[in-house]
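[1] requesting a structural model of the entry that follows:
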Amino acid sequence: MTDDDRTLLARFAVSADQAAFAELVGRHGPLVWGVCRRAVRSEPLAEEAFQAVFVVLSRKAGTLTLRTSLANWLFGVASRVAARAVRREARLKTRERIAVRRTALDRERQRETPGPEWGDMLRVLDEELAGIAEKYRGPLVACYLQGKTQDEAATDLGISIFKLRRRLAKARDLLRLRLTRRGVTLAGALFAGAVVANVGFAAPVPAATAGATVKAGLAAKLGGGVAAPVAALGAGAASSGVGAWVAGSVAVVVAAVVLVALLPSPPPAVEPVPREVAPPPRLSPSESPGEWATVRGQVVWPGPLPKPRLANVTSDVAACCQGGPLADTSLLIDPQSRGVRNVVVWLRPDTDDRRDPFPPNRIHPTLKNPPPMVYTIDQPKCQFEPRIVAARAGDSLVFKNSADIAHNVNFVADDHDLNQTIPSGGDYRVTRPLVAQAVPILIKCDIHPWMAGRVRVFDHPYFALTGADGRFELKAVPSGTWRIVYWHEDGFHDGRAGATGARIVVAGDATLPPLKLALPAVGK
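    Now for the predicted structure:
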């Protein structure tokens, strides 16, 4: 099994293992070489910059604390080293000595890029990518510069796939905003993406450069001398600041990231609902349909009722199971009405793209700016109550602990991460208002890992949570054709195919036929 970056780094730090360092150079060299080679026109200077990056790694090997991944850290170091290389190149007076090589490289770039505006755009892109916080840049580096899958990137960064996806979405938004402020257009990004498709993300490292870099890194580790130009480029480059980034680095590599940043995020693996698979369900309209309507419905469980499940209580058993075994409350069905509780129901536009927002101009005037609500989530008997919350952007959360033991609240949202221990009898108010989320916020307790809850946050008022009998009501719904979506924490109704919803036509107060909930995740 191939050792991971941290293991290789530890081997080199402890015993100056040349093979381990060579493996790191081989693994991450193409990424660093791509930054250095495109930052300057002089290939000898690019080689010096490349060596400087890994000399810095060699010297920091024993004390380096990786906040994200080694690739992300090296990218930051390479960007600062490239900045020094650009400044050095600008100071060179004898341009004639490199004129021939520069001309050859210019011709190569002309073959790779359509015109002079390419370089100007990339310089802006480089600067703005470097200005993104490291924790958000890390997923971009892993997924788009290194070409890792999301699972591989999450493992490499030491975070969950859930957190990785959130950070990727946030990073794209940050980069899109920064580029928009600089005047980079969508057409430019499309143009960049077309070139990237043919050029690739990283540049192969010349064998001689890689070998010289390994020797330089080993010399630095053992206290030997390093070439003065290399040492000068690497001085201070391990700092975390990004202000020294200048135009000219990353080039084709950055274009791939920018394409992702400016274009909409690729949709999850969801099979779109065909537009004419089935006619909209028949409604029971009132006698006087109008512009605004109330839509009611019920979610019921089909077939035999599932057997009750117990929570897997692994700690504080005496406190958590005072009244007997602790029930698993993830699926709650009323045996009389067969209604399913805690199903989130909402409306969305009649489109196949889940990211399309609800049109603000179709929201009822009285619902556009309602007073914010505060939702209190308690933790008695080692369960979150309520387990599911459906809220609107601007609302807020309060976590309470009425149990006899301490609990913890841990969640990751697009704009806020929380990890807070709440003592018995205590409470904690989340000071930041909620913002709309594309996916539910998963709430966990690190002390009691079976505890889980979810919060879905919408940017419009047309959502509801089913009650104990499975019923829901949507008020002041605009007339027209919409999609209605049913989501339970075990999955969407009808699985992936139901993620975009089923078409309904609203022409007045109406009652939907009972929905027989189909959850493919149940029983797995």
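[2] what's the neighbour count on V457?
    Burial of V457 is recorded as 24 neighbouring residues (other CB atoms under 10 Å). The way it works is simple: take the backbone N, C-alpha and C, and place the C-beta from them, glycine included.
[3] was I right to think it contacts L434?
    Yes - counting by CB atoms under 8 Å, V457 touches L434, with 4.7 Å between them.
[4] isn't A390 right up against Y462?
    No - between A390 and Y462 there is no contact under CB under 8 Å: 10.9 Å.
[5] overlap in contacts of the two?
    W346 (CB atoms under 8 Å, 6 or more residues apart in numbering).
[6] and the nearest residue to A452 once chain neighbours are set aside, what's its pLDDT?
    Spatially, and ignoring its direct neighbours in sequence, A452 is nearest to K444 (5.9 Å; CB to CB, 6 or more residues apart in numbering). Per-residue confidence (pLDDT) for K444: 92.
[7] beta partners of K444?
    Using DSSP bridges, the beta-bridge partners of K444 come out as N410, A452.
[8] what sits against it?
    N408, V409, N410, F411, M451, A452.
[9] low pLDDT regions in this structure?
    For the chain, the stretches flagged by pLDDT under 70 are 1, 91-127, 145, 147, 181-203, 221-290, 521-524.
[10] going along the chain, name the strands of the stretch 201-350 of the chain.
    In the stretch 201-350 of the chain, the strands defined using DSSP state E, counting those that start in this stretch lie at 292-300, 344-348.
[11] list the strands paired with the helix or strand following the shortest one, with their directions.
    Put plainly, it is strand 344-348. Toward the C-terminus, strand 344-348 is succeeded by strand 374-377 as the next helix or strand (DSSP states H and E). Strand 374-377 has its sheet partners listed here by DSSP bridges as strand 396-400 (parallel).
[12] hmm, who's touching the strand it pairs with?
    372-379, 389, 391, 409, 420, 422, 426-434, 455.
[13] state the distance from F458 to D350.
    17 Å (CB to CB, to the nearest Å).
[14] next one: G138
    37 Å.
[15] ok, now K307?
    39 Å.
[16] of these two, who's got more company?
    D350 (18 against 5).
[17] chain neighbours aside, what residue packs nearest to the more buried one?
    According to CB to CB, 6+ apart, the nearest residue to D350 is T481 (4.8 Å).
[18] my read is that that neighbour contacts A502, right?
    No - in this structure T481 lies outside contact range of A502 using CB under 8 Å: 11.3 Å.
[19] which of these two has more neighbours?
    Using other CB under 10 Å as the criterion, T481 and A502 rank with A502 on top: 20 against 12.
[20] dihedrals phi and psi, the more buried one?
    Main-chain dihedrals, A502, degrees, to the nearest 10: phi -110, psi 140.
[21] surely it meets W482?
    No - counting by CB under 8 Å, no contact exists between A502 and W482, whose distance comes to 9.7 Å.
[22] picking that back up, identify, from the contacts of K444, the entry nearest to L512.
    Closest to L512 out of the contacts of K444 is A452 (29.1 Å), distances taken as CB to CB.
[23] and that closest one, how many neighbours?
    Quick note: A452 (other CB under 10 Å) scores 17 neighbours.
[24] I figured it hits F384, correct?
    Yes - contact status for A452 versus F384: in contact at 7.0 Å, counting by CB under 8 Å.
[25] mind listing the shared neighbours of the two?
    I443.
[26] enumerate every residue touching F12.
    Per CB under 8 Å, 6+ apart, neighbours of F12: A20, F21, L24, S58, A61, K221.
[27] and the helix or strand harbouring V32, what's buried?
    For V32, the host element (DSSP H and E) is helix 18-39. Using 16 or more other CB atoms under 10 Å as the burial criterion, the residues of helix 18-39 that qualify are 20-25, 27-39.
[28] same question, stretch 314-331
    D316, C320, L326, T329, S330, L331.
[29] stretch 45-65 too?
    45-61.
[30] now find how far off-centre it is within its chain.
    The chain centroid and the centroid of stretch 45-65 are separated by 29 Å, computed with CA atoms, centre = their mean, to the nearest Å.
[31] could you dump it to PDB, C-alpha only?
    The C-alpha trace of stretch 45-65 is given here as PDB (Å, rounded to 0.1, in the frame of the first residue of the first chain):
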ATOM      1  CA  LEU A  45      14.600  30.500 -13.300                       C
ATOM      2  CA  ALA A  46      11.500  28.200 -13.200                       C
ATOM      3  CA  GLU A  47      13.800  25.400 -12.200                       C
ATOM      4  CA  GLU A  48      15.300  27.500  -9.400                       C
ATOM      5  CA  ALA A  49      11.800  28.300  -8.100                       C
ATOM      6  CA  PHE A  50      10.800  24.700  -8.300                       C
ATOM      7  CA  GLN A  51      13.800  23.600  -6.200                       C
ATOM      8  CA  ALA A  52      13.100  26.400  -3.800                       C
ATOM      9  CA  VAL A  53       9.600  25.100  -3.100                       C
ATOM     10  CA  PHE A  54      10.800  21.700  -2.100                       C
ATOM     11  CA  VAL A  55      13.800  23.100  -0.200                       C
ATOM     12  CA  VAL A  56      11.200  24.900   1.900                       C
ATOM     13  CA  LEU A  57       9.400  21.600   2.400                       C
ATOM     14  CA  SER A  58      12.600  19.900   3.400                       C
ATOM     15  CA  ARG A  59      13.400  22.500   6.000                       C
ATOM     16  CA  LYS A  60       9.900  22.500   7.400                       C
ATOM     17  CA  ALA A  61       9.400  18.800   7.400                       C
ATOM     18  CA  GLY A  62       9.800  18.300  11.100                       C
ATOM     19  CA  THR A  63       7.600  21.200  12.200                       C
ATOM     20  CA  LEU A  64       5.000  21.400   9.500                       C
ATOM     21  CA  THR A  65       1.400  21.200  10.600                       C
END
